[in-house]
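[1] any chance you could fold what I've pasted below:
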Amino acid sequence: MILVDLPDEAATAALAARVAALAVPGDIIALNGDLGAGKTSFARAFIRACGDPDEEVPSPTFTLVQMYESDAGAIWHFDLYRLDSGNEAWELGIEDAFATGISLIEWPDRLGPLLPAHRLEITLDFGDVPQARRAVLVGGTGWRARLSQITADA
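    Numbering: from 1, shown residues only. Predicted coordinates for the structure are as follows:
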């Protein structure tokens, strides 16, 4: 487990870029946190770090999923807040995302037992000042060795 203090949105973007540099197809990144904690900001910075820094990255709150092509491969950005059941994710193509892409998943708890164990779990919490956040990173299989690189690059 790694704790990272993020004093502002720029620090969140920098962390997202460090994680993006280590991500490969088949990776699943579960983004947890309350509303407004920075999940979409993290995902937006991750996607931009993998490709065009000016990429338009809307929140998939209503579409539930957005896909982006990047040098790292396809990036699937899911917002599962509105799902009633994890089984609804099959209709979104989550199986293809898990198999061939990099999956960024907001509200991953909505998947229940469908959420693979070999994920990177990132929980964003509010900090002491309005723009500050704290990230807790927990790596499943495949991420444990890469987590030390994230703090080494900080």
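[2] pull the number of nearby residues for Ala30.
    Ala30 has 23 neighbouring residues, counting by other Cβ atoms under 10 Å. In short, each C-beta sits where N, CA and C put it, glycine included.
[3] over to the one 5 residues further on?
    Leu35: 7 surrounding residues under other Cβ under 10 Å.
[4] what lies in contact with the helix or strand of the chain with the lowest mean pLDDT?
    Every helix and strand in the chain was compared by mean pLDDT, DSSP states H and E; the lowest is helix 144-152, with a mean of 80. With Cβ atoms under 8 Å, 6 or more residues apart in numbering as the test, helix 144-152 has contacts from 2, 4, 15, 18-19, 22, 120, 137, 139.
[5] weed out the non-buried ones from those.
    In those, burial by neighbour count holds for 4, 15, 18-19, 22, 120, 137, 139, counting by 16 or more other Cβ atoms under 10 Å.
[6] Asn87 versus Arg48, what's the distance?
    Between Arg48 and Asn87 the distance, using Cβ to Cβ, to the nearest Å, works out to 32 Å.
[7] please enumerate the strands of the protein.
    Ranges of strands within the chain are 2-6, 28-32, 65-70, 73-79, 102-106, 120-126, 133-139, based on DSSP state E.
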